[in-house]
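Student: I'd like to go over a predicted model; first the sequence, then the structure.
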Amino acid sequence: MADRTYAYDLVGQTGAPVNQQAYRMEAGQLWRQYIIAGIANIAIASSGYCMGWTSPVNLKLQQNGTGNPLGEPATMDQEAWIGSLLTVGAIFGPFLGGFAASSIGRKWGLLSTAIPLFIGWILIAATKNIAMIYAGRIFWGLGIGMLFTITPMYCAEIATDDTRGALGTFLQLFITLGFLLIYSIGPYVSYSIIAYVGIIFTAVFVVGFFFMPESPFYYLSKGDRESATACLAKIRGRSHQGVQAELDIMAADVSASMQKTATIADVFRGSNFKAFYISCALVFFQQFCGINAVLFYMTNIFEAAKSNLDSAVATIIIGAVLVVASLITPLVADRLGRRILLLISSCGTAIGLVLLGMFFTLADNKNPVVEKMSFLPILSLVLFIVTYCWGLGPLPWVVMSELFPIEVKAIASPIATAFCWTLTFFITRYFSKIALALGMGGTFFIFAGCCVASFFFTLFLVPETKGKSFQEIQDILAGKSSKS
């Protein structure tokens with residue numbers, strides 16, 4: 001019996017005996033998790049393309065002539081609605097995503113996000129008036145809200161404990177790839193071509209992800225162990241026998257969760273509420289560091305700064321920095337841990353925003369030193385974006401996917417995600433007006449203050465989840481000692 005143990009010894013709860021020796025002997029193929037998660041996140045890259053769409057397209061909509069499908073320049077108020085209406089759809093998308101994930105599964109839930117994305121792109125491509133752009137942005141938002149709910153859930157459930165952080169940070173990496181693509185081609189191609197590329201992007205995701213496996217947790221929740229075995233074997237690159245030990249652990253987690261029927265009220269009780277307010281606070285700081293205001297209005301910021309560098313080129317540089325910085329996080333998220341990266345990120349974004357605020361304050365006061373500091377907006381944005389990509393960007397989604405127990409996740413995650421997009425709506429809708437009232441400098445100082453608050457919140461209240469099983473994380477939230 002030396003080679004046999006119990007799921008209790010591995011995850012802190014009773015379960016069927018598992019063959020530990022077989023589990024160790026069959027190493028499997030770790031790369032499969034990364035490939036599957038990467039294909040799942042192609043849709044997230046498409047989301048980044050949709051979200052960054054306003055940066056080059058706003059300039060096209062301000063022009064007269066054939067390049068503007070509206071036939072006349074868009075007003076400042078119309079531009080604000082174009083930027084913010086995506087987030088209106090994204091507020092409701094998480095609830096559709098949570099329902100789809102629990103009823104038809106994580107895989108088919110993700111594939112169903114292509115429906116609103118396709119509708120949105122068709123409306124954008126066929127635009128004849130501003131209402132069609134508004135409608136297209138809302139449909140994009142529905143799809144994006146669904147994606148931001150289901151994708152972290154799917155990646156967390158296919159990952160092993162020691163790769164869950166890396167796979168969770170794929171969301172940030174792939175969304176920046178989408179931003180880089182739109183920033184790179186947007187200024188140089190027509191409005192219609194931008195839309196056709198978006199349609200192709202979504203189609204590539206549908207075709208690729210169609211052949212990917214379902215989450216084994218979903219099959220176990222439906223009592224279908226045979227299908228769970230088959231998909232876990234595919235994900236791990238092991239035989240059916242070689243995944244039985246891990247499947248026993250998953251089954252024990254699911255079995256304990258299925259004994260409870262979660263309601264909305266359960267989200268606000270005990271350790272669930274602690275997970276909920278931590279998740280909501282992290283997405284609050286993620287949004288109120290000002291990232292979406294910066295990304296949605298990147299070109300406008302460079303033009304306002306009167307940088308010597310062409311605004312389109314500067315935007316491409318920032319997009320490239322986004323991607324390179326996001327490549328680092330998957331490599332270190334499971335080594336350094338979530339807390340230290342969030343602390344570094346909060347400090348770095350605060351410094352970058354303070355520098356940006358100083359530049360615009362000096363510019364507003366017509367200080368002559370500004371002419372010698374035209375490099376500062378790019379330098380500050382690079383610092384801001386690099387450190388954002390290390391922590392505040394990806395890790396709130398990683399932590400959210402880890403903190404909630406299985407039976408609560410499908411209810412709590414959509415609420416927290418909808419809260420995130422509600423904040424995004426207010427920021428993108430009113431950023432221009434606040435910047436006019438307070439000045440760009442004052443606006444960036446407010447965002448910097450939120451980053452400082454994020455540092456202290458993380459320092460005192462966010463638990464470390466690196467390398468912990470789902471059950472161990474629940475024990476930490478409940479204040480119990482956890483078995484390794």
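Tutor: Looks like it arrived, so ask away.
Student: Can you give me the neighbour number for Met146?
Tutor: 33 (other C-beta atoms under 10 Å). (Glycine included, C-beta is placed from N, CA and C.)
Student: and what of Gln78?
Tutor: Taking other C-beta under 10 Å as the definition, Gln78 ends up with a neighbour count of 16.
Student: Nearest residue to it in space, please, no chain neighbours.
Tutor: In space, and not counting its chain neighbours, Gln78 is closest to Ile130: 5.7 Å by C-beta to C-beta, 6 or more residues apart in numbering.
Student: what does Pro187 give?
Tutor: Leaving aside its chain neighbours, Pro187 sits nearest to Ala312 (3.8 Å; criterion: C-beta to C-beta, 6+ apart).
Student: right, and that neighbour touches Ser184 too?
Tutor: No. Under the criterion of C-beta atoms under 8 Å, Ala312 makes no contact with Ser184, lying 9.2 Å away.
Student: More neighbours: the two, which one.
Tutor: Between Ala312 and Ser184, counted using other C-beta under 10 Å, Ala312 has the larger neighbour count: 19 against 16.
Student: can you count the residues close to Gln29?
Tutor: For Gln29, the tally of surrounding residues (other C-beta under 10 Å) stands at 11.
Student: which SS class is it?
Tutor: coil (DSSP: H, G, I helix; E, B strand; the rest coil).
Student: Check it and give its pLDDT.
Tutor: Residue-level confidence at Gln29 comes out at 81, pLDDT.
Student: how many neighbours does the spatially closest residue to it that is not a sequence neighbour have?
Tutor: Spatially, and ignoring its direct neighbours in sequence, Gln29 is nearest to Gly237 (2.9 Å; C-beta to C-beta, 6+ apart). By the measure other C-beta under 10 Å, the count of residues near Gly237 is 16.
Student: For Gly237, which residues are in contact?
Tutor: In this structure, Gly237 makes contact with Gly28, Gln29, Leu30, Arg32, judged by C-beta atoms under 8 Å, 6 or more residues apart in numbering.
Student: repeat that with 7 Å
Tutor: Taking C-beta atoms under 7 Å, 6 or more residues apart in numbering as the contact definition, Gly237 lies against Gly28, Gln29, Arg32.
Student: next one: Ala159
Tutor: For Ala159, the contact set (C-beta under 7 Å, 6+ apart) comprises Gln33, Leu167.
Student: State the pLDDT value of Pro463.
Tutor: For Pro463, pLDDT reads 88.
Student: I'd say it and Asp475 touch.
Tutor: No. Counting by C-beta atoms under 7 Å, Pro463 stays clear of Asp475, with 10.4 Å between them.
Student: Next secondary structure after the longest helix that the chain contains?
Tutor: Here the longest helix in the chain is taken by residue count, with DSSP state H as the criterion, and it is helix 406-461. Reading on from helix 406-461 to the C-terminus, the next helix or strand found by DSSP states H and E is helix 470-477.
Student: what angle sits between that next one and helix 406-461?
Tutor: An angle of 50 degrees separates the directions of helix 470-477 and helix 406-461 when computed by axes from the mean of the first three to the mean of the last three C-alpha atoms, to 10 degrees.
Student: List the residues that contact the residue most central in space within the chain.
Tutor: For the chain, the residue whose C-alpha lies nearest the mean C-alpha position (C-alpha atoms, centre = their mean) is Leu171; its distance is 4.8 Å. For Leu171, the residues meeting the contact criterion (C-beta under 7 Å, 6+ apart) are Asn41, Ile44, Thr151, Pro152, Pro394, Trp397.
Student: Okay then, goodbye and thanks.
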